[in-house]
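In: Predicted model, plus sequence, below.
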Amino acid sequence: MAAAAAASTAALTLRGLRQNSRSIPIFLSPARRAAIPTSNTRFLSNTPKMTTAFAEADAKEPIFAAGVDQDQFLPQTQALLEEGQWTLDEERMGVTKTFYFKTYTKCLIIGIRSKSKNHHSTMTIKAGSVQVHWTTHHPRGLTDKDIYMAQYCDEQARLIGTVDRSEANKCGPKTKKEDGAGTQ
Ligand SMILES: C[C@H](O)[C@H](O)[C@H]1CNC2=NC(N)=NC(=O)C2=N1
């Protein structure tokens, strides 16, 4: 009797898996869950198609450092990546973004303000842009500090006033148009 009940539960679970991708158990990462077709196709994780889809999904997942609460920080990381124009670095252990400003001083201010948090980004500061990269070396991977600092940079950049890339400060002599001399 117990065996029959177990078999029936297993069959029900399987049917649920096949009918609705949202019922896929929690051991699948969000990216893998998203890779499963929502149509009523049979879900078989070991088919070549799904193996490829899972590999592609994994390639977009951030890699967190040991000890990071992923339930808390994955949604925040995804918000940075999907809405905040941050991108994952090649190793998927850091996030990068370029901010554009009208002046070189404004680019420098981003660097100085983020220094105050005792976490240090790699920055490439140019005449009208600053490229910021946050990652954690010990423990290796993405941590709450990186996420917090990326959010902090967004906030500071907004306060300082970013511009479109086309309007950013440029090196070298100004064109007539930029000088206003060419306008009628
Ligand atoms: C001792 C000191 O707190 C550590 O070396 C901090 C300093 N700033 C840091 N900055 C970054 N980006 N990653 C780190 O792992 C790191 N570690």
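Out: Done, it's in.
In: and residue 60, how many residues sit next to it?
Out: Look at residue 60: counted by other C-beta atoms under 10 Å, it has 14 neighbours. To be clear about C-beta, it is placed using only N, CA and C from the backbone, and glycine gets the same treatment.
In: so what's it up against?
Out: Residue 60 makes contact with 31, 88 under the criterion C-beta atoms under 8 Å, 6 or more residues apart in numbering.
In: Over to residue 135?
Out: 89, 91, 93, 94, 95, 141, 142, 146.
In: Tell me which two in these are the farthest apart.
Out: 91 and 146 (12.6 Å; C-beta to C-beta).
In: If you count surrounding residues, which of the two has more?
Out: Set residue 91 next to residue 146 and count neighbours by other C-beta under 10 Å: residue 146 wins out with 27 against 11.
In: Okay, helices next: where are they in this structure?
Out: Using DSSP state H, the helices of the chain run over 2-19, 30-35, 48-58, 70-82, 104-115, 144-160, 176-179.
In: For the ligand, which of the ones you listed is the nearest?
Out: Smallest distance to the ligand across those (C-beta to the nearest ligand atom): 7.1 Å, for helix 144-160.
In: tell me which parts of this structure are close to the ligand?
Out: Residues of the chain lying close to the ligand (C-beta under 6 Å from any ligand atom) are 118, 119, 120, 135, 136, 137, 138.
In: Show me the two of these that sit farthest apart.
Out: With distances taken as C-beta to C-beta, the most widely separated pair in those is 118 and 135, at 15.1 Å.
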